[in-house]
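Asks: Show me the folded form of this:
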Amino acid sequence: MFYDSIKRVLDVTLAIILLLIFSPFMLLIAFLIKFTSPGPILAQTPLRVGKDGELFRLYKFRSMIANAHDLLTHDPKFKKLYDEYKKSSYKLRNDPRITPVGNFLRHHSLDELPQLFNVLNGEMSLIGPRPYYEDELVEQQKKYPETSQLVKEVISIRPGITGLWQVSGRSEVNFDKRIRMDAKYARSKSLWLDFVILLKSPWIMLTGKGAV
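Replies: Predicted coordinates for the structure are as follows:
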């Protein structure tokens, strides 16, 4: 398909350019993470759902304490927080696991920069729906059963670093609205729409609008 072929060429080209531009900042971020919080530089998170339901490891700078996801899901001390996490569409405000450096990275989406390597690997695109956790899709479809068909549409394309949801409120949007936006993008995807989203994304990063 013409669109898919052109988009892949643009993804690879722009990912390489962005990596060259941001590599000094990425090195600085890695240094700050390593020397301000014990643990690895990259986040240890469950696999994400990619195109056609294929699971993949999403690269992301660690913005939380080490083993944050395991602690949330298995440590009894975090049970109340985990319940809140599931009720609020798998997002938390005032999350106590976030480090001071991580708070800044998340606010400006700088923790997402390593995903440029996911783009080069062909697991992601620059523009597309944000990749979901597998258990998130299962649980949210139980909560919103009317979204099952929408989920199928969303995972029929590559997930993206930025997309329609991110430039339309991000974490201020609940799952049922978010999945509708993602499905709308999957149906109406075009190079023009990608261009518009790409133009809006730097402003969202700078202002931190909708970030948690």
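Asks: Convert the C-alpha atoms of the lowest-mean-pLDDT helix or strand in the chain to CSV, please.
Replies: Taking mean pLDDT, DSSP states H and E as the measure, helix 79-87 is the helix or strand of the chain with the lowest mean score, a mean of 72. Listed next in CSV are the C-alpha coordinates belonging to helix 79-87 (Å, rounded to 0.1, in the frame of the first residue of the first chain):
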residue,chain,number,x,y,z
LYS,A,79,-3.0,-2.3,46.6
LYS,A,80,-5.0,0.9,47.1
LEU,A,81,-3.0,2.7,44.5
TYR,A,82,-3.4,-0.2,42.1
ASP,A,83,-7.1,-0.1,42.5
GLU,A,84,-7.1,3.6,41.7
TYR,A,85,-4.8,2.9,38.7
LYS,A,86,-7.3,0.5,37.2
LYS,A,87,-10.3,2.7,37.8
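Asks: Give me the buried positions along it.
Replies: Counting neighbours by 16 or more other Cβ atoms under 10 Å, one finds that the buried residues in helix 79-87 are Leu81, Tyr82, Tyr85. Where you see a C-beta, it was placed from the backbone N, CA and C, and this is true even at glycine.
Asks: for those residues, which one is nearest Glu54?
Replies: Proximity to Glu54 was ranked across those by Cβ to Cβ; first place goes to Tyr85, at 25.0 Å.
Asks: Go ahead and confirm the closest one touches Leu72.
Replies: Yes - using Cβ atoms under 8 Å, Tyr85 and Leu72 qualify as a contacting pair, with a distance of 6.6 Å.
Asks: any idea how far Met64 is from His74?
Replies: 15 Å (Cβ to Cβ, to the nearest Å).
Asks: The two: which is more packed in?
Replies: Met64 (23 against 11; other Cβ atoms under 10 Å).
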